[in-house]
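Participant: Dropping a prediction and its sequence here:
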Amino acid sequence: MTDITQTPKKLFIKTYGCQMNVYDSERMAEALGTKGYVTTENADEADMVLLNTCHIREKAAEKVYSDLGRLRPLKQAKPDLKIGVAGCVAQAEGAEILRRMPLVDLVVGPQSYHRLPEMVEADGKVIDTDFPEEDKFEHLPARKALRGPTAFLTVQEGCDKFCAFCVVPYTRGAEVSRPVKRLLTEARDLVSRGVREITLLGQNVNGYHGEGEGGGWTLGRLIREMAEIDGLERLRYTTSHPNDMDDDLIAAHGDVPQLMPYLHLPVQSGSDRILKAMNRKHTAEQYLRLIERIRAARPDILLSSDFIVAFPGETDQDFADTMALIREVHYGAAFSFKYSARPGTPAAEKPELPGEVGDARLQELQALITSQQRASQEAMVGREVGVLYEKPGRLPGQMVGKSDHLHAVHVHDPAGKAGDLVRVRITASSTNSLAGERISG
Ligand code: SAH
Ligand code: SF4
Ligand code: F3S
């Protein structure tokens with residue numbers, strides 16, 4: 001539905017935060033495509049700059065304001081330049097953004113960005129942070145902006161868990177699952193455009209309960225159905241909550257070959273006292289038993305997690321419990337953060353620990369994770385793995401892709417091209433990637 005009477009206008013999008021924002025940015029670009037916008041990598045030549053923002057920690061949210069400040073000279077040189085703020089900061093701060101940053105023309109929340117095409121044509125400043133009745137996905141154009149053989153697909157949005165530290169239930173609203181039929185259509189469409197690996201996304205993806213044939217479908221059932229799509233070689237999903245890992249989903253890790261052996265399963269802390277204060281509704285022991293069951297279904301599965309250190313009230317013993325849990329699980333990777341008090345969340349009412357306590361704990365935890373990550377990479381050396389090439393590497397004749405276990409792998413393969421799924425023998429491990437040689441495919 002592109003209006004060809006318009007000359008193309010350039011759109012620059014910067015994405016902050018999680019993978020769901022990456023997906024949303026692609027869909028916003030497609031929506032603005034109907035108004036003649038084409039994306040550019042160069043902000044200086046843009047007719048519109050859109051920041052798709054994240055509110056999860058104070059630093060992430062403040063970064064948006066410093067980036068907006070840096071756009072001032074561009075806006076002065078080009079008064080017609082449109083500047084938009086989307087995503088979770090837009091949702092959380094709304095009109096406050098326009099007050100603090102008069103150069104902003106447009107503020108749009110994560111649930112109303114299907115209205116962007118009308119919003120860009122409005123005169124003056126516009127703001128839309130509704131949680132509308134209508135389903136935004138139904139009002140968005142079909143998928144177009146693909147980045148290669150891998151794609152994200154949002155199946156579930158929002159969160160009802162209300163962990164005491166987290167803004168997501170406020171910025172993204174209540175849990176909603178998209179209907180099975182639409183997801184299968186979108187997945188088939190992606191595959192017909194050359195996608196071979198899909199990562200199913202949701203703030204609470206394993207809480208998926210979308211409407212399908214015969215009632216509500218679980219994530220396990222959706223994965224089994226998607227695995228039937230011809231040409232779809234690999235499936236992943238993120239992010240999961242431990243309490244929503246049901247038996248069928250665990251079993252799928254053992255019996256659906258397309259489901260890759262990598263699972264991001266955040267625990268946040270290894271101390272029951274802190275888990276309780278965080279409102280996580282599980283103990284460290286329950287998490288460890290769950291991991292045992294997952295490993296029984298898929299022994300070589302690689303696990304990752306998120307951790308928060310220096311949550312209000314965290315003692316040395318609580319932190320030691322977290323370190324002990326990490327030692328017991330042995331992760332392949334993990335993200336870790338120093339607690340950041342977020343306005344409006346219950347934890348923000350509690351006194352914070354001194355900054356240096358959090359810094360020291362974070363450093364100690366990250367050192368342990370780094371050593372585990374290195375060990376898990378080194379264990380791959382000599383093994384044969386599947387690699388899906390994503391793009392050429394920096395060296396001539398080199399391709400880069402991801403292994404089944406989500407390791408980045410560099411392969412010298414002059415005949416290789418993006419989208420090839422090949423067998424590779426791993427020959428070396430470096431800080432953040434593996435190297436290997438192609439053996440077939
Ligand atoms: N839905 C996912 C991820 C949410 S945000 C989940 O439930 O795990 C990603 C990560 O950011 C969280 O897992 C948590 O580790 C971290 N995070 C969230 N709020 C935070 C805060 N206030 N301070 C520090 N880290 C935070
Ligand atoms: Fe935030 Fe907890 Fe929901 Fe994850 S499960 S999005 S950490 S409230
Ligand atoms: Fe950030 Fe919103 Fe994602 S707060 S982590 S962009 S859901």
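Facilitator: Structure received. Ligands and ions are numbered 1, 2, ... in the order given.
Participant: how about stretch 8-25: buried residues?
Facilitator: 9-13, 15-18, 20-25 (16 or more other Cβ atoms under 10 Å). For the C-beta atoms, the positions are set from N, CA and C on the backbone; glycine is no exception.
Participant: Out of the residues you listed, which comes closest to ligand 1?
Facilitator: Proximity of the buried residues of stretch 8-25 to ligand 1 was ranked by Cβ to the nearest ligand atom; the top entry is C18 with 6.4 Å.
Participant: Skipping its backbone neighbours, what lies nearest the closest one in space?
Facilitator: Leaving out its chain neighbours, the residue that sits closest to C18 by Cβ to Cβ, 6 or more residues apart in numbering is C54, at 6.8 Å.
Participant: The one you found and ligand 2, how far apart?
Facilitator: C54 is 12 Å from ligand 2, where distance means Cβ to the nearest ligand atom, to the nearest Å.
Participant: Test my guess that that residue contacts M20.
Facilitator: No - if you go by Cβ atoms under 8 Å, C54 and M20 don't touch, sitting 9.8 Å apart.
Participant: rewinding a little: who touches the residue nearest to C18 in this structure?
Facilitator: Y16, G17, C18, N21, A60, A61, G87, C88, V89 (Cβ atoms under 8 Å, 6 or more residues apart in numbering).
Participant: among the residues you listed, which are in reach of ligand 3?
Facilitator: Intersecting the contacts of C54 with the contacts of ligand 3 gives G17, C18, N21, G87, C88 (criterion: Cβ under 6 Å from any ligand atom).
Participant: if you look at the residues you listed, which of them are in helices?
Facilitator: The subset of these located in helices under the criterion DSSP state H comprises N21, G87, C88.
Participant: quick one: average pLDDT of the helix ranked longest in the chain?
Facilitator: Longest helix in the chain by number of residues (criterion: DSSP H): helix 355-378. The pLDDT scores in helix 355-378 average 97.
Participant: Got phi/psi on the nearest residue to H253 once chain neighbours are set aside?
Facilitator: In space, H253 comes closest to R298 once its chain neighbours are excluded; the distance is 4.1 Å by Cβ to Cβ, 6+ apart. Recorded main-chain torsions at R298 are phi -140, psi 90, according to degrees, to the nearest 10.
Participant: Strands along the stretch 51-200 of the chain, start to end?
Facilitator: Under the criterion DSSP state E, counting those that start in this stretch, the stretch 51-200 of the chain contains strands at 82-86, 106-108, 126-128, 150-154, 156-157, 176-177, 197-201.
Participant: Among those, which comes closest to ligand 3?
Facilitator: Among the strands of the stretch 51-200 of the chain, the nearest to ligand 3 by Cβ to the nearest ligand atom is strand 156-157 (8.7 Å).
Participant: Pull up the pairing partners for that closest one, direction included.
Facilitator: Taking DSSP bridges as the criterion, strand 156-157 pairs within the sheet with strand 176-177 (antiparallel).
Participant: Tell me if the partner strand is near ligand 3.
Facilitator: No - residues of strand 176-177 contacting ligand 3 under Cβ under 6 Å from any ligand atom: none, with a closest distance of 13.5 Å.
Participant: who touches that strand?
Facilitator: Counting by Cβ under 8 Å, 6+ apart, residues outside strand 176-177 touching it are V155, Q156, E157, G158, G202, G207, Y208, H209, G210, E211.
Participant: just stretch 165-173 next, same as before
Facilitator: Everything outside stretch 165-173 that qualifies as a contact, by Cβ under 8 Å, 6+ apart, is 55-56, 88, 91-92, 109-111, 131, 157-162, 203, 278, 308, 311, 339, 342, 344-345, 347.
Participant: how about the ones next to ligand 3 among the contacts of C54 in CSV, adding pLDDT and distance to F335?
Facilitator: Shown next, in CSV, are those (pLDDT from 0 to 100; distance: Cβ to Cβ, whole Å):
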residue, pLDDT, distance to F335
G17, 95, 12
C18, 95, 10
N21, 97, 15
G87, 97, 19
C88, 97, 17
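Participant: ok, the helix or strand where L222 lies near ligand 1 or not?
Facilitator: Element membership for L222, per DSSP states H and E: helix 219-226. No - between helix 219-226 and ligand 1, judged by Cβ under 6 Å from any ligand atom, nothing touches; the nearest distance is 13.9 Å.
Participant: CA atoms only: put the helix or strand that that helix is followed by into CSV for me.
Facilitator: Under the assignment DSSP H and E, the closest C-terminal helix or strand after helix 219-226 is strand 234-238. Taking Å, rounded to 0.1, in the frame of the first residue of the first chain, the C-alpha atoms of strand 234-238 are listed here in CSV:
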residue,chain,number,x,y,z
ARG,A,234,15.5,-24.0,13.8
LEU,A,235,13.3,-22.7,16.6
ARG,A,236,14.3,-20.9,19.8
TYR,A,237,12.3,-18.9,22.3
THR,A,238,13.0,-16.2,24.9
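Participant: angle of strand 234-238 against helix 219-226?
Facilitator: Between strand 234-238 and helix 219-226, the angle comes out at 160 degrees (axes from the mean of the first three to the mean of the last three Cα atoms, to 10 degrees).
Participant: So what touches strand 234-238?
Facilitator: Outside strand 234-238, the residues that reach it (Cβ under 8 Å, 6+ apart) are 19, 196-202, 205-206, 219, 223, 226-227, 256, 258-260, 262, 264, 388, 404, 406, 421.
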